[in-house]
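# below is the sequence, then the predicted model.
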Amino acid sequence: MPDVPAHASGATPTSTSEPGTPGAVDPAVAAEAADLLSVARAMAEESRGFLSTITEVASGANPDAGIPLLLLAVSDLLAAGARLGAMLDVVPPERFEPDIGPEPDVDALRIALANVLDGLDEYANVVDPLLGDEVETCALSGDLVSIVGAVAQGLQHYEEGQVLESLWWWQFSYLSGWGERASSVLRVLQVLLGHLRLDVDDDVAAEAEYDALQA
């Protein structure tokens, strides 16, 4: 992937004229704009995929696939978010966030996820491993919905044509909130999947071991 520069002017190249001619675009500016647009497109695609998967899991249509689907969706979103975190600051030309309307109501989604994850929803989480060992109780459903709200807001900016604003929001919210939440959720999902796949009764394990030895 191309390196993404620290700051963006907000200008999108509209001309390929030679330098020094009217309407010319600096090649470095054009390359910067193209790189930023590429990152925004990739993040928008991952955001749409994440939102679609969360909605599908919350519907309860395929409960057996719920944990694996969430594992894949959160992993993919974190991979996209990691690039945003590694980039230097994206700075929109305006110093205020454009109005994109009221925040979506996600209470129904949270309740649906909590129902699907009933019995598996709550987990213990270290608040800040760099500052101490304080532990808080979290819920997968609440964390997933908070991530939904953050990435959906960036996606709204992107779909309104506010590309730099969407990148700024995705980057800021990744570093300040949803990146950490998603990392915690991913670990819990991995542990859950390990328990579901590997925890078996001793009799079942002994029978499987016997069958393997006789094979």
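In hand now; what should we look at?
# does anything pack onto the longest helix along the chain? Which helices or strands?
When the chain is parsed with DSSP state H, its longest helix is helix 27-59. Here helix 27-59 touches helix 66-86, helix 107-116, helix 140-159, helix 163-173, going by 3 or more Cβ pairs under 8 Å, 6 or more residues apart in numbering; DSSP states H and E. All C-beta spots, glycine's among them, are computed from the backbone N, C-alpha and C.
# what comes up buried for stretch 176-185?
By 16 or more other Cβ atoms under 10 Å, the buried positions in stretch 176-185 come out as 178, 179, 181, 182, 184, 185.
# burial check on the nearest residue to the third one once chain neighbours are set aside, number of neighbours?
Read it as residue 181. Spatial nearest neighbour of residue 181, chain neighbours left out: residue 143 (4.6 Å); criterion: Cβ to Cβ, 6 or more residues apart in numbering. Neighbour count of residue 143, defined by other Cβ atoms under 10 Å: 23.
# what of residue 166?
27.
# do the same with residue 61
10.
# any chance of the helices and strands packed on helix 27-59 in CSV, plus distance to residue 53 and mean pLDDT?
CSV is the format used below for the helices and strands packed on helix 27-59 (distance: least, Cβ to Cβ, whole Å; pLDDT from 0 to 100):
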stretch, distance to residue 53, mean pLDDT
helix 66-86, 4, 94
helix 107-116, 11, 95
helix 140-159, 10, 95
helix 163-173, 18, 93
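# point out the most buried one among these.
helix 163-173 (a mean of 23; mean count of other Cβ atoms under 10 Å).
# show the subsequent helix or strand relative to that one.
Going down the chain from helix 163-173, the next helix or strand is helix 179-198, by DSSP states H and E.
# any idea which residue sits dead centre in this protein?
With distances taken as Cα atoms, centre = their mean, residue 77 lies nearest the centre of the chain, 3.4 Å away.
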